[in-house]
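Novice: Fold the following for me, if possible:
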Amino acid sequence: MITIRNGKERGHANFGWLDSWHSFSFGSYYDPEHMGFSDLRVINEDRVRGGEGFPSHSHRDMEIISYVLEGALAHKDSTGSGGVIRYGDVQRMSAGRGVTHSEMNGSHDEAVHFLQIWLMPERGGLPASYEEKRFSPEEKRGRFRLIASPDAAEGSLTLHQDARVYASILDKGVEVSHAFAAGRRGWVQVARGRVLVNGKELAAGDGAALTQEASVTVAGAEPSEVLLFDLQ
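Specialist: Residues are numbered from 1 along each chain as shown. Predicted structure coming up:
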């Protein structure tokens, strides 16, 4: 079964400096029908104005992934980690027992556009940690490139949850497939472009929950970029 989450129906908050769309309940947006999917709790599509961002604040017991689509995102946290990530870079922060961090636009002039993703960790009280890696467009083009996993397989980020996250860049007419193990579920998030997910059309901002599907095939209806979550 495929359940489409229409991007235009997501929660929306616009503070001037931040334009944010929420696939699941977040902040002042609450919808009991959209509280998450499996261990996937948050997918926020954020655009932050130049020179602005999220000042220092705290989290605990959450796996947080930032996937940059355009611009530069500057990270600093209480573990001593920091840096600026750009398109192709992905960061994972495990909030664990507690971490304080800031996520600011790395440019004073240009907006940064990124997906902020939260997954529940396998257990509470883990040590806080940070990791970032680059996955070039060539690595993702025409295939599902593993970018986060519990065992850091294929050079992916280490995720403290039984979940695997893939990214793919698709030219028009190109399709990629992924098989789910028995009992697993999936979520496809369209970052840009327009695709067919098991024959159903999705556009940028749309998501699709896949339950009791043996596999998923994503085909580019136009040049596109998607994320796939393989979940419990």
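Novice: tell me the secondary structure for Glu139?
Specialist: Counting by DSSP: H, G, I helix; E, B strand; the rest coil, the backbone at Glu139 sits in helix.
Novice: Who does the nearest residue to it once chain neighbours are set aside form a beta bridge with?
Specialist: Spatially, and ignoring its direct neighbours in sequence, Glu139 is nearest to Arg145 (4.9 Å; C-beta to C-beta, 6 or more residues apart in numbering). For every residue, glycine as well, the C-beta is placed using N, CA and C. Note on Arg145: beta-bridge partners by DSSP bridges are Ala167.
Novice: So that it lines up with my notes, have the first residue be 19 from now on.
Specialist: Done: numbering now begins at 19, and the last item shifts to Arg163.
Novice: Arg163 against Ser154, yeah?
Specialist: No. Using C-beta atoms under 8 Å, Arg163 is not in contact with Ser154; the gap is 9.2 Å.
Novice: More neighbours: those two, which one.
Specialist: Between Arg163 and Ser154, counted using other C-beta atoms under 10 Å, Arg163 has the larger neighbour count: 22 against 11.
Novice: for Val236, which residues make a bridge with it?
Specialist: Assigned bridge partners for Val236, using DSSP bridges, are Val194, Val215.
Novice: what's near enough to touch it?
Specialist: Ser186, Leu188, Glu193, Val194, Ser195, Val206, Val213, Leu214, Val215, Val244, Leu246 (C-beta atoms under 8 Å, 6 or more residues apart in numbering).
Novice: If we use 7 Å, what do you get?
Specialist: Ser186, Leu188, Glu193, Val194, Val206, Val213, Val215, Val244 (C-beta atoms under 7 Å, 6 or more residues apart in numbering).
Novice: Only the buried subset of these, as a ChimeraX command please.
Specialist: If you want just the buried ones from these in ChimeraX, going by 16 or more other C-beta atoms under 10 Å, the selection is:
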select :186,188,194,206,213,215,244
